[in-house]
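Trainee: Below is the sequence, then the predicted model.
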Amino acid sequence: MTTGHPAAADQLAEQLSATTLLRFATAGSVDDGKSTLVGRLLHDSKSVLTDQLEAVERASLGRGQDTPDLALLTDGLRAEREQGITIDVAYRYFATPRRRFILADTPGHVQYTRNMVTGASTAELAVVLVDARNGVVEQTRRHAAVAALLRVPHVVLAVNKMDLVEYAEPVFAAIAEEFIAYAASLGVPEVTAIPISALAGDNVVEPSGNMDWYGGPTVLEHLETVAVSHDLSGCPARFPVQYVIRPQSAEHPDYRGYAGQIASGVLRVGEAVTVLPSGRTSTIEGIDALGESVDIAWAPQSVTIRLGDDVDVSRGDLIAPSSGVPASTQDVEATVCHVADRPLTVGQRVLLKHTTRTVKAIVKDIPSRLTLDDLSQHPAPGQLVANDIGRVTVRTAEPLALDAYRDSRRTGSFILIDPADGTTLSAGMAGDSFAAEPPAVPADAQDAAADEGWDF
Amino acid sequence: MTTTVASVTGGTDGSDRGEGAGTTGGGEAPYALSHLDALESEGVHIFREVAGEFERPVILFSGGKDSIVMLHLALKAFAPAPVPFTLLHVDTGHNFPEVLAYRDRTVAEHGLRLHVASVQEYIDAGTLRERPDGTRNPLQTLPLTEKIQAERFDAVFGGGRRDEEKARAKERVFSLRDEFSQWDPRRQRPELWQLYNGRHAPGEHVRVFPLSNWTELDVWQYIAREGIELPEIYFAHEREVFNRHGMWLTAGDWGGPKDGEPTETRLVRYRTVGDMSCTGAVDSDATTLDAVITEITASRLTERGASRADDKMSEAAMEDRKREGYF
């Protein structure tokens, strides 16, 4: 093993252990250059190691290609390499001295909706790729809509292939303006538009010499500096109980702690809390943060809480500050993305998993199905099939302390499960679909979407 | 449009949610977690989910650094109560003696229960046959899967990380295996938010990977931060080795070296711990955790590329073994 420059490496190692983590997702259709962008980010940030690159070179040569195909870095499965497509979400890891990254690399082919929903569910940022020659197309609007629906806090519009439009500012400006207006109308809180060429490397990691008119950050610079995690600690505190810790040992005869990961907000010792669904109240007597006793803890820390009173608390309960208790309901109104190959139908019996609680439920109604192209609502579709997004009403057997997804991605989300074989059926988001009222749809766009029938 | 970075803030809600916690523009939020704390918190959450939802979970424990970090997370997740899981080791019969000693010491120290599935017993019984190349890594799959069935384990924790290999990059945190322990990458459940779906039919089980989102460097930094003890073979020491296909393998009872493979004594350490027949040592003078971290940060080779012969058998070696039930 070569040791390179020990001093520099030492410094880098030290910096890395204190940095934060950014989880982000990419979205782009097949020919927008997403694989090239991902390959470029990994390659230019020196996250591709020699043996990986050699493997790619070997495989590329073996197929008669004379330059290494960077897409082979990310296509991990036999079937993917055979077909030259990406069939599933993959997670990639890279780091710079300023931050560590987890990239949900979502495929752009026909099953995009459920894949992008999966990738976006844990992402704090989404990169939406647009081909500069084509501008904002239906697919772009779908990506923006999924990012808005999943409430991804930050959206980057990467206008790619700028080299093919002679690096012209007006081309970029027009696309950025159109996209930002559309995203804002859906309630996307923040959009950063960056003109790039993933193939040539402009503004991905290195600033472009071809676009002097652009004064903003490169894609990597933006990923390194965008603020994260603030949305979790700013919300009212929510603590779903995962597991009750009761050693009953000679050393800890009376210890009774409620273990869980703080879903949102901040918890403090001495705080008055309410346990749901029972509604019993107590105070936080102690917080054990994985071996250390602390006075304050925040999302997404995994901790163990001890209460001042001997109240009945078990897995699936939710502890919240008495000053901000969520409403409990057995009638869940939500938007779901259907992810299974078998349909979701009105009257179907399902299991609903919300935080640490799984309850029996029945699909009472599917009032509408959403067309992502134009955000129009098709009334009473009767069922949802794979990749459909629709409004549903679900009646649960027991009350759930459910927040609106807009207020908490963690306590406002749920999954529907087939009780027969455990298949994950749908991803659910409680409350309203979009942060803002969707824009009015021009009549011709509606017709075009109906004709194309991509989601039938 | 003259502004080149266009930012839209506002909307009807949401964007100002963070302000209550004192978030200010630029820089990190006051309640940000370091990346190690975030990974630790996520790993602990995964252990507790399994404890809450499964009947008979088991932790695969080899005495390698990833399984050591897994056990450390489990100890933290349930403290001050004991870890509510047993351990399982698939013993190839070609393990490093130092690692077996570490394994037994650790099990005793924490009062844990260890199951062992033995490849040697399968070979002695004639159920498995020694391969011509002498490697026993692929032979682990049958003893592992039969042990899972015999003990009716319903959740099996593995230390696999998605950064290790491109087939592993596709792996879920909760990965359903059929009654033959097979992995079908095309029929995986989508994994949404942190809502892990552990439902399974009798006979099926779920492989659980709490370190999915960790990298090799994260593991080492965490070991350094937490002061976790490791088997000594992870640090530079003199060892009698010989070269096979560009890898330094340890000479020993397992059958190496063959004729024409001269041995020599070199200063080496291990980046991974596995079967002696296919786990290569790397030249190194790193005798401390800090030195190891420095070395890994500067290395231009991946962990598996530098030290695992079995992954090089074909472009899809890992995927093929995982499909059969390998971890």
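Mentor: Nice, thanks for sending it over.
Trainee: How about residue 228: what's its closest non-neighbour residue?
Mentor: You didn't say which chain, so I picked chain A. A:E124 (5.0 Å; CB to CB, 6 or more residues apart in numbering or on different chains). The way it works is simple: take the backbone N, C-alpha and C, and place the C-beta from them, glycine included.
Trainee: Actually, chain B is the one I wanted.
Mentor: B:H72 (5.6 Å).
Trainee: For that neighbour, which three-state class applies?
Mentor: Of the three states, B:H72 takes helix according to DSSP: H, G, I helix; E, B strand; the rest coil.
Trainee: do the same with B:L33
Mentor: Secondary structure assignment for B:L33 (three-state DSSP): coil.
Trainee: Kindly report the same for B:G203.
Mentor: Note that with three-state DSSP, the state of B:G203 is coil.
Trainee: That one contacts B:S181, correct?
Mentor: No: contact criterion CB atoms under 8 Å: B:G203 and B:S181 do not qualify, at 10.0 Å.
Trainee: what about these two, which has more around it?
Mentor: Ranked by neighbour count (other CB atoms under 10 Å in any protein chain shown), B:G203 and B:S181 place B:S181 first, with 22 against 12.
Trainee: The more buried one contacts B:P143, doesn't it?
Mentor: No: counting by CB under 8 Å, B:S181 sits too far from B:P143 to count as a contact (11.5 Å).
Trainee: where do the contact lists of these two overlap?
Mentor: Contact criterion CB atoms under 8 Å, 6 or more residues apart in numbering or on different chains; residues shared by B:S181 and B:P143: none found.
Trainee: quick one: low-confidence ranges for the chain?
Mentor: Defaulting to chain A. Residues of chain A that meet the criterion pLDDT under 70 lie in A:1-18, A:30-31, A:67-88, A:108-111, A:229-234, A:437-456.
Trainee: Not quite, go with chain B.
Mentor: When residues are selected by pLDDT under 70, those of chain B lie in B:1-30, B:304-318, B:321-322, B:324-325, B:327.
Trainee: If we use 80, what do you get?
Mentor: Residues of chain B that meet the criterion pLDDT under 80 lie in B:1-32, B:133-135, B:165-167, B:185-187, B:253-256, B:259, B:299-327.
Trainee: Can you name the residue of it nearest chain A?
Mentor: Per CB to the nearest CB, B:R199 is where chain B lies closest to chain A, at 2.8 Å.
Trainee: name the element that residue belongs to?
Mentor: Under the criterion of DSSP states H and E, B:R199 resides outside all helices and strands.
Trainee: How about the contacts made by it?
Mentor: B:R199 makes contacts with A:L351, A:I417, A:D421, A:G422, as judged by CB under 8 Å, 6+ apart.
Trainee: cutoff 6 Å now
Mentor: Contacts for B:R199 (CB atoms under 6 Å, 6 or more residues apart in numbering or on different chains) come out as A:I417, A:G422.
Trainee: Over to A:D163?
Mentor: When contacts are counted by CB under 6 Å, 6+ apart, A:D163 touches A:S197, A:A200.
Trainee: Please, where are all the strands along the stretch 201-327 of chain B?
Mentor: Per DSSP state E, counting those that start in this stretch, the stretch 201-327 of chain B carries strands over the ranges B:205-208, B:237-244, B:247-250, B:263-270, B:281-283.
Trainee: Need the contact partners of the fourth one.
Mentor: Which is strand B:263-270. Strand B:263-270 is contacted from outside by B:233-236, B:238-242, B:248, B:251, B:257, B:281, B:283-285, using CB under 6 Å, 6+ apart.
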